[in-house]
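*Asks:* What follows is a predicted structure for the sequence shown.
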Amino acid sequence: MKLTFWQRLDLIMRGITPFFLTLMLVVLGQVPLHIPGFAEVAPLLPLMAVYHWAIYRPDLLPAFSVFFAGLLQDALSGMPFGVNAAVFVTVHMAVMSQQVFFTGRSFMIIWLGFCVVAAGATMLMWVLTSIFFSTFSSPEAVFVQYLVSVGGFPLLAWLQVRWQQSVLAQV
Amino acid sequence: MKNRQHLGHHIAHSEKGLANRFGYLGLVLAAFALMLLGKADVLVMERVRTTVSDAVSPVLDVLSRPVATLDRLVDQATVLSVLNDENIRLRAEIQLLLEWQSAARKLSAENKQLKNLLNLAPGTEPGFISGRVIADSGGAFVHSILVAAGRRGGVAKGQAVITGDGLVGRVHGVGSRASRVLLITDLNSRIPVVIEATRTRAILAGDNSDRPRLIHMPPGASASVGDRIVTSGHGGAFLPGIPVGVVVRTGDGGIMVKPYVHRDRLEFVRVVDYGLQGILDASLAVNKGPARPPGHPR
């Protein structure tokens, strides 16, 4: 069956949503929430998106899109250029290399996987920023940020799974 | 035949894997190259960053408004529930402040007379540019905010950013309509300060925790819990006497300061500008009393 122009356009538009959702999470992560003590430990939303799409639909969020999302995160958050880009690409690479392991696993395993991946990502970020600024950043806040990210993962993962099942079902 | 097919598939697969691996390597190398470039040429990266921030700032401005409104509503609800207690507290505070006001008026008049006697050269009166906080770059690695005021409004790099409570930070990067402010708690923030009571000079150094530390104190000098820390004005970046924070801990871990400004309460900030002279008439501000502080957000 040959697809019409509009059907093809529809598929393309649906196909790029994971990328735009990831960019939106980068921007959303910057909005001041006015919650005491939250800004220092705000969860790494884009990291969750990178992890999720690398497991389920790596074709829709390839490595260079992840790199771009990392650059935007660096630009907006004021971190040295390249830190988030390097971390996101590394996470993408790590998840892709374990594709066989993640396929068809229950949510608990996926969550556990995120715990491990986010720990590695946070460590890498900490090491890179510490080297860049040649001084150690406070590790407590980094650790709490990691815990908040791990705790917040199920909610975003659920939303992304819903998105995947509704918008991306035919893509 | 089947074997050959299988082999072909295998080779194609490993070739793809190889290409993938080179792709990853290239991206990671590119990221490291950017980091090196950022270390070597700060200006170029800063320009890229401000351009991106400028481009995204309208989106952030729109997004930050409903959150701020919600926050205000929650605030109002909280205030309503404790209105009576608050009233009693405020009445007591007004009494106290009236006493302070009369003391301040007396001292201000005396100060003016003494300055006249000494024929003191007047310092420059700063102007203010007010802006909304449109982004609080969440995260444990960098403490900075984006303010919706840029070069068009007269913001320049290095200017001090304050609220009614005290010092917020300093302008780090300026775009045409948004500027990045490095908070005093950031790892890279170094602010020349003095301990108000003893006039001991020190540097307030952030470390990405919410309690910056005092460093480079003169030998033998010490601070005690409860001491007020204000800017010293050294280095020319800040006005002297802007409240910064209060010493909350002394000891082996260094002297920790709790900033007066709460990061989560930042909605409007003022950028202090030395360059805009003459906009503000100091005598006017004194005569009109504290009804509307200069540079109050419109």
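*Replies:* Received, thanks. As the structure is a computational prediction, the values presented were derived from the model and not from experiment. Numbering: from 1, shown residues only, chains lettered A, B, ... in the order given.
*Asks:* For stretch A:86-93, what does the pLDDT average out to?
*Replies:* The average pLDDT for stretch A:86-93 rounds to 95.
*Asks:* Now the residue of chain A found nearest chain B: phi and psi?
*Replies:* Across chain A, no residue is closer to chain B than residue A:42, which sits at 2.8 Å (Cβ to the nearest Cβ). (C-beta placed from N, C-alpha, C; glycine too.) When read as degrees, to the nearest 10, the backbone of residue A:42 gives phi -60, psi 140.
*Asks:* so what's it up against?
*Replies:* By Cβ atoms under 8 Å, 6 or more residues apart in numbering or on different chains, the residues touching residue A:42 are A:29, A:33, A:145, A:148, B:138-139.
*Asks:* Quick check: the two most widely separated of those?
*Replies:* A:33 and A:145 (14.3 Å; Cβ to Cβ).
*Asks:* Between the two, which is the more surrounded one?
*Replies:* residue A:145 (23 against 18; other Cβ atoms under 10 Å in any protein chain shown).
*Asks:* Now the element after the least confident helix or strand in chain A by mean pLDDT, going C-ward?
*Replies:* Among the helical and strand segments of chain A, the one scoring lowest on mean pLDDT, DSSP states H and E is helix A:99-102, with a mean of 87. Per DSSP states H and E, the first helix or strand lying C-terminal to helix A:99-102 is helix A:107-133.
*Asks:* How about that next one and chain B, any contact?
*Replies:* Yes. Counting by Cβ under 8 Å from any Cβ of the partner chain, chain B has neighbours in helix A:107-133: A:125-126, A:128-129, A:132-133.
*Asks:* chain center to the following helix or strand past that helix: distance?
*Replies:* Sequence order places helix A:139-166 as the next helix or strand after helix A:107-133, per DSSP H and E. In terms of Cα atoms, centre = their mean, to the nearest Å, the gap separating the centre of helix A:139-166 from the centre of its chain is 9 Å.
*Asks:* helices or strands up against helix A:139-166?
*Replies:* Here helix A:139-166 touches helix A:17-28, helix A:45-56, helix A:107-133, going by 3 or more Cβ pairs under 8 Å, 6 or more residues apart in numbering or on different chains; DSSP states H and E.
*Asks:* Please indicate which of the ones you listed has the most neighbours on average?
*Replies:* helix A:45-56 (a mean of 24; mean count of other Cβ atoms under 10 Å in any protein chain shown).
*Asks:* what's next to that helix, contact-wise?
*Replies:* Applying Cβ under 8 Å, 6+ apart, the set of residues contacting helix A:45-56 from outside is A:18, A:21-22, A:25-26, A:28-29, A:60-61, A:66, A:69-70, A:73, A:84, A:87-88, A:91-92, A:95-96, A:99, A:102, A:110, A:113-114, A:117-118, A:121, A:149, A:152-153, A:156-157, A:160-161, A:164.
*Asks:* where's the residue nearest to residue B:37 when sequence neighbours are not counted, which helix or strand?
*Replies:* Nearest residue to residue B:37, sequence neighbours excluded (Cβ to Cβ, 6 or more residues apart in numbering or on different chains): residue B:45, at 6.7 Å. Using DSSP H and E, residue B:45 sits within helix B:42-81.
*Asks:* what angle do that helix and helix A:17-28 make?
*Replies:* Angle, helix B:42-81 to helix A:17-28, by axes from the mean of the first three to the mean of the last three Cα atoms, to 10 degrees: 70 degrees.
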